[in-house]
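need a 3D model of the following:
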Amino acid sequence: MFNIGEFARLGGVSARTLRHYDEIGLLRPATVDPGTGYRGYSAGQLGQLTRIMALKELGLSLPQVRRLIDGITLDDLHGMLMLRRVHGEDVTVFLGLPVAQPPQELPAPAHYRVLPEIEAAVAVRSGPSASIYPMVYQDLVRWVEERGYRPVPGPGRDVWVHEVDDIADVDQQVFEIQLPFTRPEAAGEN
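Numbers count the residues shown, from 1 in each chain. Model prediction:
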């Protein structure tokens with residue numbers, strides 16, 4: 001279970017936004033402490049928040065999102081996002097490649113960046129990406145929580161283990177999905 005601040009960071013929204021979603025019945029917390037009113041969110045709710053944010057990105061109003069959210073499938077959402085991409089929206093892509101040494105120069109807009117070491121929960125999945133995301137992140141967050149760890153807020157890392165050249169072979173592509181997490185400090189450590 002995540003407190004509102006942790007869940008907001010994981011979902012890329014503000015705690016104020018989550019409170020508003022609760023008030024309008026769009027995304028209710030999994031638990032509310034009767035004494036303090038503190039809201040708690042489950043890992044399973046990340047998928048619902050992802051769908052809400054994607055629909056908002058498509059330009060839908062919150063009342064429209066509320067009407068759609070319960071009936072929308074991942075295939076529907078994927079289609080809407082692809083339609084939006086086709087209409088000229090800029091997309092930022094981070095591409096990581098292993099290198100023996102830093103490159104001397106890169107063509108714009110590429111930048112060289114060294115990623116920090118992380119401890120991560122990892123899942124390997126094959127098939128179309130629309131059938132994998134966001135469920136795999138929900139599974140990884142659940143695994144992390146069950147062990148008493150905390151997911152690191154922000155995006156995970158996706159590694160293309162096997163990329164296909166032909167869309168007809170999309171079932172053969174393989175992804176490694178990495179969700180960084182932290183372990184609670186051991187008792188007595190400062």
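
after the helix or strand Val124 falls within, which helix or strand is next?
Val124 belongs to strand 120-126 when assigned by DSSP states H and E. Using DSSP H and E, the next helix or strand after strand 120-126 towards the C-terminus is helix 135-146.

circling back to that earlier point, and the strand holding Val124, which strands flank it?
Next to strand 120-126 in the sheet, as set by DSSP bridges, lie strand 174-182 (antiparallel).

returning to that earlier point: buried ones in the strand holding Val124, by neighbour count?
For strand 120-126, a neighbour-count test (16 or more other CB atoms under 10 Å) marks 120-121, 123, 125 as buried. C-beta here means a position set from N, CA and C on the backbone, and glycine is covered the same way.

report the angle between it and helix 135-146.
150 degrees (axes from the mean of the first three to the mean of the last three CA atoms, to 10 degrees).

show residues contacting strand 120-126.
Counting contacts by CB atoms under 8 Å, 6 or more residues apart in numbering, the residues outside strand 120-126 that touch it are 132, 136, 139-140, 143-144, 156-157, 161-162, 171-181.

tell me which helix or strand of the protein sits lowest on mean pLDDT?
helix 74-86 (a mean of 58; mean pLDDT, DSSP states H and E).

that older thread, in a markdown table, list the buried residues of strand 120-126 along with distance to Pro34.
A markdown table is the format used below for the buried residues of strand 120-126 (distance: CB to CB, whole Å):
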| residue | distance to Pro34 |
| --- | --- |
| Ala120 | 36 |
| Ala121 | 33 |
| Ala123 | 36 |
| Arg125 | 40 |
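
now name the helix or strand holding the closest residue to Gly12 other than its chain neighbours.
Nearest non-adjacent residue to Gly12, counting by CB to CB, 6 or more residues apart in numbering: Met53, 7.1 Å away. Here Met53 sits within helix 45-57, counting by DSSP H and E.

can you list the domains in this structure?
Following automatic domain parsing, one finds the domains of the chain at 2-86, 93-190.

now the last one: average pLDDT?
For domain 93-190, the mean pLDDT works out to 77.

separation between the closest residue in space to Pro153 that isn't next to it in sequence and Ile132?
Closest residue to Pro153 in three dimensions, ignoring its sequence neighbours and counting by CB to CB, 6+ apart: Arg9, at 3.3 Å. Arg9 sits 23 Å away from Ile132, going by CB to CB, to the nearest Å.

same question for Pro34.
Pro34 sits 38 Å away from Ile132 when distances are taken as CB to CB.

of those two, who's got more company?
Counting neighbours by other CB atoms under 10 Å for Pro34 and for Ile132 shows that Ile132 has the greater number, 18 against 7.
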